[in-house]
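[1] Just need the structure, nothing else, for what follows:
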Amino acid sequence: MKTKIVATVGPACSSAAMLKKMIFAGVDVFRLNFSHANYDEFERIIKDIHDLNKKLETHVAILADLQGPKIRIGELAPEGVFLKDGQTIRFTTDKSQVAEDKIFISYQNFPKDVKAGETILLDDGKMILRISRTDGKTEVAAKVINGGLLTSRKGVNLPNTRLSLPSLSEKDKEDVRFIMDHNFDWVALSFVRVTSDIEGLISMMNSYSPDHRIPVIAKIEKPEAVKNIDSIIQAAHGVMVARGDLGVEIPLQNVPMIQKMIVKKCLAHAKPVIIATQMMEGMLTNPRPTRAEVNDVANSVMDGADALMLSGETSVGKYPAETVETMQKIISEVEQYDGIYHKNHVPVIKNNLHFISDSIIYSGCNVAREAKAKAIVSVASSGYSTAKISSHRPKATIFGFANNNAILRRLNLLWGVKPVFFDRYFHTDQTINDLIAELRQKGLVQSGDLLVHISNMPINQPGKSNMLKLGYVE
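    The predicted model follows:
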C-alpha cells in the first residue's frame, strides 16, 4: 500500500494492545490531538508507540496537532439557548456582562476586528448570524439568519473577518514545550493564514532546541491560507487539507476543487499532503462506511494525497481497527489504477540549489518506469531525495534507507516509501551490495528483481544525490 493512513489516538484506541492492532491494520502515523491534551496520558502513549516500533521493527510516526487559536462561546444554561430567525443576539468579551440575552465569546479582540455586515458562524456553520453593529470595545450585536439550538463551548467561525488573533495561543506555547521534550516526528499548526505563522512556530521550536528540528505541517482551514497557498507550501514541510473548518469558512462546493489544487501544488514542491476530516465518519457508530465515504477515500487517493487522516473514527469511534482495515482495503483497490502513478516533474534549472539531485531523481524515476523496475533504493541523510522520489509517484516501491530512526519515522508519512534502518556505509559498491542483502534478508526483493539505486558519492558522506545505477538482484 502506497497511500499512508494517519489515525488519531483517543479513548477508543489508546491502549497498547489496540495501538498494536491498528499498526497491523495499516496505520503509518498516529496523531495526538492537543485540543484534548493530557500530558501524562500522552507520555504513556508515546512510550507505547516507540516500544511497539522497536518490538515490531516498524517506523510508525507520531504527529502532534496543535489546537491553535480556536474561538468559542462561553458556558450557557444546561439546556442551551435557542436562536430564533430574525432575533438580535449580543456577544460580549466581558464575563461580568454575561446575561440571558448576552453570550460570552472567548476572543478579546472580537469587537475590534469585526465590522457590520460580516458573518458569524456557530457550531460548524449550523447557525448563521450577520453583524449589525459593534462598539469596538466589548460588545457586538448580530441578527440571526439561520437559527437553532446553541449549547456551551461551541466553535465560532468568522469567514469574512480579518483577525488579529496570533497564530499560537498561550496553550499552544505550553504544548510546544511538551512536544520538544518528547519524541514527536511531525507537528501540525492549526489555522495557518500566512507564512509568518509557520516561521513563528519554527523559530519558537529552534529557541527551545536548536539541534532538534521537527518538520511543520500547515493546516489549511482559512480562506487566507487558500489565497496564500503557494507561499505557505514553500514555507512548510507538509500540508494538511483540514476540510472541517475549511468547509465552514468557504462555500462547501469549493472544497473538492481546492483539495485537488493543493494536492497538485504539493506534488510539484515534493511536500507531503494529508487529506483530513470526515473520511469515514459513518464508522463512528457503524461497522461499514457509507458509499459516499468510500468514494471520498478513493477520490483522495486518485487526487494523489500522501496520506488520509482518521479523526473521531479512531479516537472515539466504536470500530477503530476495523475503520483502518476498511480504509486500507479501499486504498489497495484504488492503487490498482494506473492513473495515479508517474507524476514526473521536469527539474527547474534557475535558482535551484537541488538541480543535480532533482535531475538524477527525475532520470531515475523515468528509468524505473521504462525498465519496469521492482524498486527504487534511496539512501537518506536528510530525507530530501526520498521525498522528491515520492513526489514523482513511481509505480516501483521506494525503499528509503537511513541510520537515524527519527528520519525513518518522518519518511513513513510519505507516499510509497518503505523506511529501512541501515548503518553500515562503506564505499559505494560494497554499500549497494549490503543494501540489497538487507532487502533480500527481509524478503522485500528476490533474485532477478530490477532495482534503481539513487544516492550520493561518496556514499558514506551526506550530500546531494549525484549517482544513478540500474541493476538486477543476483
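
[2] CA atoms only for the lowest-mean-pLDDT helix or strand in the chain - export them in CSV, please.
    The helix or strand of the chain with the poorest confidence is helix 428-441; it has a mean of 90 (mean pLDDT, DSSP states H and E). Output in CSV follows, covering the C-alpha atoms of helix 428-441 (Å, rounded to 0.1, in the frame of the first residue of the first chain):
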residue,chain,number,x,y,z
THR,A,428,29.6,2.8,-2.9
ASP,A,429,29.7,-0.7,-4.5
GLN,A,430,30.0,-2.5,-1.2
THR,A,431,27.2,-0.5,0.4
ILE,A,432,24.9,-1.1,-2.6
ASN,A,433,25.5,-4.9,-2.2
ASP,A,434,24.9,-4.6,1.5
LEU,A,435,21.6,-2.7,0.9
ILE,A,436,20.4,-5.4,-1.5
ALA,A,437,21.4,-8.1,1.0
GLU,A,438,19.4,-6.3,3.7
LEU,A,439,16.3,-6.2,1.4
ARG,A,440,16.7,-9.9,0.5
GLN,A,441,17.1,-10.9,4.1
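
[3] any residues touching it, and which ones?
    Helix 428-441 is contacted by residues 375, 377, 379, 399, 401, 420, 422, 424-426, 445-446, 451, 453, 455, 457-460, 467, 469, 471, 473 when judged by CB atoms under 8 Å, 6 or more residues apart in numbering. Any C-beta I mention is one placed from the backbone N, CA and C, and that applies to glycine too.

[4] chain center to that helix, what's the gap?
    Helix 428-441 has its C-alpha centroid displaced from the chain centroid by 33 Å (CA atoms, centre = their mean, to the nearest Å).

[5] Tell me the buried residues in that helix?
    The neighbour-count check on helix 428-441 (16 or more other CB atoms under 10 Å) flags 428, 431, 432, 435, 436, 438, 439 as buried.

[6] And stretch 271-279, by the same measure?
    Neighbour-count burial for stretch 271-279 [16+ other CB under 10 Å]: 271, 272, 273, 274, 275, 276, 277, 278, 279.

[7] again with stretch 361-376
    361, 362, 364, 365, 367, 368, 369, 373, 374, 375, 376.

[8] Closest one to residue 384 out of those residues, please.
    Residue 384 lies nearest to residue 361 out of those, by CB to CB, at 9.5 Å.

[9] Can you tell me the SS state at that closest one?
    Classification of residue 361 using DSSP: H, G, I helix; E, B strand; the rest coil returns helix.

[10] pretty sure it contacts residue 390?
    No - Residue 361 is beyond contact range of residue 390, at 9.9 Å (criterion: CB atoms under 8 Å).

[11] Now residue 212: closest residue in space that isn't a chain neighbour?
    Spatial nearest neighbour of residue 212, chain neighbours left out: residue 180 (6.6 Å); criterion: CB to CB, 6 or more residues apart in numbering.

[12] for residue 153, that is, sorry about that
    residue 72 (5.3 Å).

[13] check contacts around the one you found.
    Contacts of residue 72 by CB under 8 Å, 6+ apart are 105, 106, 153, 154, 155, 156.

[14] got it, and residue 59?
    Contacts of residue 59 (CB under 8 Å, 6+ apart): 53, 405, 408, 409, 411, 412, 419, 421.

[15] switch to 7 Å and redo it
    Each residue near residue 59 by CB atoms under 7 Å, 6 or more residues apart in numbering is listed here: 53, 405, 408, 409, 412, 419.

[16] and what of residue 221?
    Applying CB under 7 Å, 6+ apart, the residues near residue 221 are 190, 191, 242, 245, 246, 249.

[17] out of those, which are inside helices?
    245, 246, 249 (DSSP state H).

[18] which stretches of the stretch 51-200 of the chain aren't confidently modelled?
    Within the stretch 51-200 of the chain, no range satisfies pLDDT under 70.

[19] now the helices for it?
    110-113, 170-180, 195-208 (DSSP state H, counting those that start in this stretch).

[20] what does the stretch 201-350 of the chain give?
    Under DSSP H, counting those that start in this stretch, the stretch 201-350 of the chain gives helices at 223-227, 229-235, 243-249, 255-268, 291-303, 312-315, 320-334.

[21] my read: residue 373 touches residue 451, true?
    Yes - counting by CB atoms under 7 Å, residue 451 is a contact partner of residue 373 at 6.1 Å.

[22] List the beta-bridge partners for the residue nearest to residue 236 when sequence neighbours are not counted.
    Leaving aside its chain neighbours, residue 236 sits nearest to residue 218 (3.9 Å; criterion: CB to CB, 6+ apart). When bridges are called by DSSP bridges, residue 218 pairs up with residue 189, residue 239.

[23] what's the spacing between residue 218 and residue 197?
    8 Å (CB to CB, to the nearest Å).

[24] any residues in contact with both of these two?
    residue 189.

[25] which residues does the residue nearest to residue 269 when sequence neighbours are not counted contact?
    In this structure, residue 269 finds its nearest non-sequential neighbour in residue 233, 5.2 Å apart by CB to CB, 6+ apart. With contact taken as CB under 7 Å, 6+ apart, residue 233 is in contact with 239, 265, 266, 269, 271.

[26] and the fourth one, what pLDDT?
    Okay, so that is residue 269. Residue 269 is assigned 95 on the pLDDT scale.

[27] Against residue 232, how distant is it?
    From residue 269 to residue 232 the distance is 10 Å (CB to CB).

[28] ok, these two, which is more surrounded?
    residue 232 (24 against 16; other CB atoms under 10 Å).

[29] Hmm, residue 189 and that one touching each other?
    No - using CB under 7 Å as the test, residue 232 is too far from residue 189 to be in contact (10.1 Å).

[30] shared neighbours, the two?
    Common neighbours of residue 232 and residue 189 (CB under 7 Å, 6+ apart) are 198, 218.

[31] where does the stretch 251-400 of the chain dip in pLDDT?
    Those would be none, if you go by pLDDT under 70 across the stretch 251-400 of the chain.

[32] before we move on, back to that, identify the residues contacting the helix or strand just after the least confident helix or strand of the chain?
    Per DSSP states H and E, helix 428-441 leads on to strand 450-455 as the next helix or strand towards the C-terminus. Outside strand 450-455, the residues that touch it by CB under 7 Å, 6+ apart are 360-361, 364, 367-368, 371, 373-379, 385, 389, 396, 432, 445, 465, 467-473.

[33] what's the average pLDDT for strand 450-455?
    94.

[34] so the helix or strand just after that strand versus helix 428-441, what angle?
    Where DSSP H and E defines the elements, the next helix or strand beyond strand 450-455 is strand 467-472. Going by axes from the mean of the first three to the mean of the last three CA atoms, to 10 degrees, strand 467-472 is angled at 50 degrees with respect to helix 428-441.
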